[in-house]
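Asks: Okay, here's the prediction I keep looking at, along with the sequence it came from:
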Amino acid sequence: MNKISKLFILIITLVIGICNVYAEDKNLVNIYLFHSNTCPHCKEEIKLLDELEKKYNNIKIYKYEISDKTNSEHLNKVADMYNIAINGTPFTVIGDKYFKGFSKDNAKSKFIATIEYYSDNGYNDRVGLYIGNIPLPTYEVNENNISIDEYISDRTNYKISILGKKIELKSLTLPIIAILIGLVDGFNPCAMWVLLFLISVLIGMKDKKRMWILGITFLLTSAFIYLLFMLAWLNAATLLLTINWFRLIIGLIAIFGAIINLRSYLRHRKDNGCDVIDDKKRSKIFNKIKKITHEKNFLLAIFGAMALAISVNIIELACSAGLPVMFVEILSMNNLNIIEYIIYIVLYMLFFLLDDLIVFFIAMRTMELTGFSTKYGKISKLIGGLLLLAIGILLIFKPEWLMFNF
Amino acid sequence: MKIIKISAIWCPGCLVMKKIWKNICNDYPDLNIEELDYDMDNEEVNKYNPGKVLPVIIILDDNNHELIRLIGEQSEIIIRNNIDKYR
């Protein structure tokens, strides 16, 4: 054997040796799972954890079934330690991180990020210390320049670079989605016809100042009702988020809405006209509008415009609820804080109102309506239908895509 | 020949056609056009059984027999062609 091959073997052995040392030297990561035999999500999580235990040889999983008295006492103690209320299983603790419940869609990436972070850095295994008889992690706890939360968010969110700034893909996709769905929803013909109705009557009025105030009151009240509806739905959606079949139902509703929209598009694709809606409803609204514009008392007329906006929007909700409901559903899946929720909903509203506002201002300035063909309503039905279809399919089969964890 | 126009103030398709009709009326000043509002001239409108899509344009002959019915938003050319055909 010549010198070169000897050297080569030496290097190989050293490298393998270093690798081995490195693998053994990774910090121990203990994962504590509190589960119940009766909960289906626990079974899913156990499956995932077993998979991870095979993949990472430095992790150890401890499972505690909580119908056992000692185990449920452990769980209560852990809740006290982290100063939180635990209202169900599964409940998972890794170091300072705890995970309530289990969602197949984003748990895996979060678990992996947490494991990786603690594998490289020291941490206090508070639960292990409390339970006792458990080998504890050996790395010294150091102040790290990047916190565990930052690390997890880095690993689970996609980022792109814009003008040298790193921006989370999530923070970019949500505004785009808000604008897109808002715009399409705004062109919905049912949202438009009452406005036209009102404009036509207002144009006939002599008092121009009064005309503007009544029209704007109507638009603002409409926006407000829409906002209330979306917030209420958001509340319900976040409450029901953990229930899997709820998402399934919403997905099915979206597909149903898509079919209605697309069918109506295909049926009226050739004839561009206005669909006459329910005669009773129309004459009721018509009479209300006439009353408002003929009302001598200005204050009463304003109240009338508000009342009209409220009643009309409640009718409209049934006609165009599909898109706002889906939008709120996407928001609720993305775990935002309340201010972010409101910002996105307001953004949606702005673009939802944009076309109404444009039509309103042009009509009021020029005193006539031209170039506003029914074609746009038809196209909105086509795009709206396709959007609903896509969202429905994703909700059922790939909900994590709607959370932008690809 | 007589033309019946059924429209409604809430119908953007009808509003869009206002300009087209203005042009046509300029070119054919002797046209006999009856304008009906779907909501206000209820009785008259029902006589023609307009259906659920607006606007509706009906061309009648001198004996009030229906010659043709155009449903929905129409282009200026189609209306002109029909007027020329039945005049």
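Replies: Received the coordinates, thanks. Bear in mind the structure is a predicted one, so any value in this text is a computation, not a measurement.
Asks: which outside residues touch stretch A:303-319?
Replies: If you take C-beta atoms under 8 Å, 6 or more residues apart in numbering or on different chains as the criterion, stretch A:303-319 is touched by A:188, A:190-191, A:194, A:198, A:214-215, A:217-219, A:221-222, A:225-226, A:229, A:281, A:285, A:288-289, A:291-292, A:295. For the C-beta atoms, the positions are set from N, CA and C on the backbone; glycine is no exception.
Asks: Please indicate which of those residues are buried?
Replies: Neighbour counting with 16 or more other C-beta atoms under 10 Å in any protein chain shown marks A:188, A:190-191, A:194, A:198, A:214-215, A:217-219, A:221-222, A:225-226, A:229, A:285, A:288-289, A:292, A:295 as buried within the contacts of stretch A:303-319.
Asks: Could you list the residues in contact with the helix or strand hosting residue A:30?
Replies: Using DSSP states H and E, residue A:30 sits in strand A:29-35. In this structure, residues lying in contact with strand A:29-35 by C-beta under 8 Å, 6+ apart are A:42, A:45-46, A:49, A:56, A:58-66, A:71, A:74-75, A:78, A:86, A:89-95, A:111, A:115, A:118-119, A:125, A:127-128, A:131, A:134-137.
Asks: re earlier: so which of the contacts of stretch A:303-319 sit within strands?
Replies: Using DSSP state E, no member of these falls in strands.
Asks: Which helix in the chain has the most residues?
Replies: This is for chain A. The longest helix of chain A (DSSP state H) is helix A:208-239.
Asks: switch to chain B, that's the one I care about
Replies: Every helix in chain B considered (DSSP H), the longest is helix B:12-27.
Asks: Could you give me the buried positions within that helix?
Replies: B:12-17, B:20-21, B:24.
Asks: okay, how far is it across stretch B:17-36, tip to tip?
Replies: Using C-alpha to C-alpha, to the nearest Å, the end-to-end distance of stretch B:17-36 comes to 14 Å.
Asks: actually stretch A:32-42, sorry about that
Replies: End to end - C-alpha to C-alpha - stretch A:32-42 spans 13 Å.
Asks: May I see the buried residues of that stretch?
Replies: For stretch A:32-42, by 16+ other C-beta under 10 Å, it's A:32-36, A:39, A:41-42.
Asks: out of those residues, who's nearest chain B?
Replies: Closest to chain B out of these is residue A:41 (49.5 Å), distances taken as C-beta to the nearest C-beta.
Asks: Okay, and the closest one sits in which element?
Replies: helix A:40-55.
Asks: Now do the helix or strand containing residue A:389 against helix B:12-27, angle only.
Replies: When elements are assigned from DSSP H and E, residue A:389 belongs to helix A:375-397. Orientation of helix A:375-397 against helix B:12-27 (axes from the mean of the first three to the mean of the last three C-alpha atoms, to 10 degrees) gives an angle of 160 degrees.
Asks: and helix A:375-397, average pLDDT?
Replies: Helix A:375-397 carries an average pLDDT of 81.
Asks: May I see the buried residues of that helix?
Replies: Going by 16+ other C-beta under 10 Å, helix A:375-397 has these buried residues: A:377-378, A:380-385, A:387-392, A:394-396.
Asks: From the chain's centroid, how far away is it?
Replies: Centroid separation between helix A:375-397 and its chain, computed with C-alpha atoms, centre = their mean, to the nearest Å, is 17 Å.
Asks: and what of stretch A:215-225?
Replies: Per C-alpha atoms, centre = their mean, the centroid offset for stretch A:215-225 relative to its chain is 26 Å.
Asks: residues in contact with that stretch?
Replies: A:195, A:198-199, A:202, A:302, A:305-306, A:308-310, A:312-314, A:349, A:352-353, A:356-357, A:360, A:364.
Asks: Could I have the buried ones of the residues you listed as ChimeraX selection syntax?
Replies: A single ChimeraX command selects the buried members of these (16+ other C-beta under 10 Å):
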select /A:195,198,199,202,302,305,306,308,309,312,313,349,352,353,356,360,364
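Asks: Of the contacts of stretch A:215-225, which belong to strands?
Replies: Among the contacts of stretch A:215-225, no member falls in strands (DSSP E).
Asks: So which of the contacts of stretch A:215-225 are in helices?
Replies: Of the contacts of stretch A:215-225, the ones assigned to helices by DSSP H are A:195, A:198-199, A:202, A:302, A:305-306, A:308-310, A:312-314, A:349, A:352-353, A:356-357, A:360, A:364.
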